[in-house]
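Chemist: Return a 3D structure for these sequence lines:
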Amino acid sequence: MVKAVVLVMLEPQTFDDASKINKIPGVMDGFLVFGHYDYVAFLDVPGLEKVGQIADKIQKLGFVRYVETLIER
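Modeler: Residues are numbered from 1 along each chain as shown. Predicted coordinates for the structure are as follows:
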């Protein structure tokens, strides 16, 4: 299993939509945060390819401005 964190920057005034990220299969948990990013999603998936697929799904949500993915070493 691969553990990863996806840091998400949201479009302004879309914080209520962020809970939709948790409904994506493979996202184990997530919550709004203060700082450079607005949301943190935690992934636990079978492989690196799946991490990329989920990050792409998050990026394609209409209320997401930018994502950065961190993968456990």
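Chemist: who's in contact with D44?
Modeler: D44 is in contact with 1-3, 26, 28, counting by CB atoms under 8 Å, 6 or more residues apart in numbering. Every C-beta, even on glycine, is put in place using the N, C-alpha and C of the backbone.
Chemist: where's it relative to M1, distance?
Modeler: 6 Å (CB to CB, to the nearest Å).
Chemist: ditto for S19
Modeler: 24 Å.
Chemist: Those two: which is more packed in?
Modeler: Legend: neighbour count by other CB atoms under 10 Å for S19 and M1, higher for S19 (12 against 9).
Chemist: what sits against the more buried one?
Modeler: No contacts exist for S19 under CB under 8 Å, 6+ apart.
Chemist: go on, L10?
Modeler: L10 touches 17-18, 38-39, 63-65, counting by CB under 8 Å, 6+ apart.
Chemist: Give me the helices and strands touching the host helix or strand of E49, please.
Modeler: In the assignment (DSSP states H and E), E49 maps to helix 48-59. In terms of contacts (3 or more CB pairs under 8 Å, 6 or more residues apart in numbering; DSSP states H and E), helix 48-59 is packed against strand 2-10, strand 39-45, strand 64-71.
Chemist: which residues touch it?
Modeler: Everything outside helix 48-59 that qualifies as a contact, by CB under 8 Å, 6+ apart, is 2, 4, 6, 8, 21, 24-27, 41, 43, 45, 64, 66-67, 69, 71.
Chemist: Confirm that L61 sits in a strand.
Modeler: No: L61: not assigned to a strand; according to DSSP: H, G, I helix; E, B strand; the rest coil it is coil.
Chemist: Quick check on it: phi, psi?
Modeler: phi -70, psi 140 (degrees, to the nearest 10).
Chemist: what sits against it?
Modeler: 17, 20-21.
Chemist: Just the buried subset of those, please.
Modeler: I21 (16 or more other CB atoms under 10 Å).
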